[in-house]
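J.: I'd like to go over a predicted model; first the sequence, then the structure.
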Amino acid sequence: MTEKFKPYANEADVLRIGELEIENRVDRVALTGDVVLTKDKAGLALARELQVLVNDVVKALEADKQLPEVVKVKAARTVKNPFA
């Protein structure tokens, strides 16, 4: 990874590993898309990037001494477009 992605640090960071998009939030890390780990050097490089990401997520979760049992996610709501 070229930049350091700090899980749960902000609401702005987005990282890509292959076609997998990792979106940072303060209460979750969202993974969407897919990554194909081919049996070659390119697949190995992607697997290593994914391993670093997952290890960083686990470390961040383990370090939080007040980790809740479950995060309650608010339902999305539709609002009027202020630019329409």
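T.: Everything's here; your move.
J.: mind listing the strands for this structure?
T.: Here the chain has its strands, by DSSP state E, at 14-17, 19-24, 29-34.
J.: Val52 is nearest to which of the ones you listed?
T.: The minimum distance between Val52 and those falls on strand 14-17, with 9.4 Å, by Cβ to Cβ. Just so you know, the C-beta spots here come from the backbone N, C-alpha and C atoms, and that holds for glycine as well.
J.: burial measure for the closest residue to Ala60 other than its chain neighbours, as a count.
T.: Once flanking residues are discounted, Ala60 sits nearest to Pro7: 4.4 Å by Cβ to Cβ, 6 or more residues apart in numbering. The local packing of Pro7 (other Cβ atoms under 10 Å) involves 21 other residues.
J.: and if you look at Gly18?
T.: 18.
J.: I'd like the numbering to begin with 361 instead of 1 from here.
T.: Got it, first residue is 361 now, which makes that one Gly378.
J.: returning to what we had before: which phi and psi does the residue nearest to Ala420 have?
T.: phi -60, psi 140 (degrees, to the nearest 10).
J.: got a pLDDT number for it?
T.: At Pro367, the pLDDT value in this model is 97.
J.: Surely it is in contact with Val414?
T.: No - using Cβ atoms under 8 Å, Pro367 makes no contact with Val414, being 9.6 Å away.
J.: any chance of the strands of the chain in TSV, with mean pLDDT too?
T.: What follows is the strands of the chain, written out as TSV (pLDDT from 0 to 100):
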stretch	mean pLDDT
strand 374-377	94
strand 379-384	96
strand 389-394	96
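J.: do you know which of those lies nearest Arg408?
T.: Once those are compared by Cβ to Cβ, strand 374-377 is nearest, at 9.7 Å.
J.: which residues are contacting that closest one?
T.: With contacts defined as Cβ atoms under 8 Å, 6 or more residues apart in numbering, strand 374-377 is touched by Met361, Glu363, Phe365, Glu381, Ile382, Glu383, Asn384, Val395, Leu406, Glu409, Leu410, Leu413.
J.: Tell me which two in those residues are the farthest apart.
T.: Spanning the widest gap among the contacts of strand 374-377 are Asn384 and Leu406, at 19.2 Å by Cβ to Cβ.
J.: All set now, cheers.
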